[in-house]
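Trainee: pasted the sequence and its predicted model underneath.
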Amino acid sequence: MTQTLLVLGSANADLVVEVGRRPAGGETVLGGDTVVLPGGKGANTAVAAARVGASVALVGAVGDDGYGSLLRESLESSGVDTALVKTSARPTGIAYITVTPDGENSIVVSPGANFDVSSSDVDGLSFDGAQVLTCSLEVPLETVIHAIGAASKAGLSTVLNLSPVAELPAETLRQLTVLVVNEHEAAQLAPEWNDLLALGPTSAIVTLGSRGIAVVERSGVVEVPAVEVAEVVDTTGAGDAFAGALSARLADGDDLVQAARYAVKVAALSVTKAGAQPSYPTAAEVG
């Protein structure tokens, strides 16, 4: 193992269509041409980290199909090690995404091969040289729980993007170095941000959309404002860009607030271009 960052999560093909507005129940709305882009929370996180210089490997699965080839190509061209991405008998996962003129998106995910990522895949990992494991939840929950436990016992920092909110064992929450949730997910878990730490994680980050993020540590809460951009084109994958850049900087030795400030810049730049992975900036572009 030569990678300092391991990402466990999904790899999806994003089928994106621009619409004037979202359809109501039973309504048909005409959209633009469908664009097929590489995506998935795990793959997005890994690509975002690699683009800003992290040495990263993805643990995941794709199908033996054209979408799987698209994903492997995108990952490898961005510098992500795909040796731990297995080929499943199930089709590659697909995300069906509608984007409105204000850049906001609505997404339906068909998991496919992502649900073949198993605890046995984690058992085959060597954590030698790795500093951080980052997980997201478009793969089976039991696999994520197993991975966090194994990484914690191996001495790695563990990051979990808990979206959507799922019930985790108390032991898993205690094994988390950083819990990442948006403000709505945070409200489901605890009445106040500080109360998130009472659940067990060492620290938490609450993402606040256009207002930025809040870093919650035992010493207190530090709010980091969002970076303003000239035009929001597409918010797809912005949260994954944040998670990837955050993990990259943590693996490089930054403290949590330093890493979060950098990740906010990366997420802001990502919304200025269409798509998820194609929109992620390089370290030189972040500055």
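Mentor: Arrived safely. Note that this is a predicted model, so its numbers are computed, not measured.
Trainee: would you map the helices across the protein?
Mentor: With DSSP state H applied, the chain shows helices at 41-51, 66-77, 119-123, 141-153, 170-174, 183-189, 238-251, 256-270, 283-286, listed in chain order.
Trainee: put the alpha carbons of the second one into PDB.
Mentor: Provided in PDB are the C-alpha atoms of helix 66-77 (Å, rounded to 0.1, in the frame of the first residue of the first chain):
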ATOM      1  CA  GLY A  66     -19.500   0.800 -21.000                       C
ATOM      2  CA  TYR A  67     -20.400   2.800 -17.900                       C
ATOM      3  CA  GLY A  68     -17.800   0.800 -15.900                       C
ATOM      4  CA  SER A  69     -15.200   1.500 -18.500                       C
ATOM      5  CA  LEU A  70     -16.100   5.200 -18.400                       C
ATOM      6  CA  LEU A  71     -15.600   5.300 -14.600                       C
ATOM      7  CA  ARG A  72     -12.300   3.400 -14.700                       C
ATOM      8  CA  GLU A  73     -11.000   5.800 -17.300                       C
ATOM      9  CA  SER A  74     -12.000   8.900 -15.400                       C
ATOM     10  CA  LEU A  75     -10.500   7.600 -12.100                       C
ATOM     11  CA  GLU A  76      -7.200   6.500 -13.700                       C
ATOM     12  CA  SER A  77      -6.800   9.700 -15.700                       C
END
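Trainee: ok, I97 - contacts?
Mentor: Applying CB atoms under 8 Å, 6 or more residues apart in numbering to I97 gives the contacts D14, L15, V16, V17, N105, S106, I107, T236. Heads up, the C-betas are built off the backbone N, CA and C, glycines and all.
Trainee: pass me the low-pLDDT residue ranges in the protein, would you?
Mentor: Counting by pLDDT under 70, the chain has low-confidence residues at 1-2.
Trainee: excluding chain neighbours, what is closest to the residue nearest to the spatial centre of it?
Mentor: For the chain, the residue lying nearest the average C-alpha position, counting by CA atoms, centre = their mean, turns out to be D240 (3.4 Å). Computed as CB to CB, 6 or more residues apart in numbering, the closest residue to D240 that is not its neighbour in sequence is N44, at 3.5 Å.
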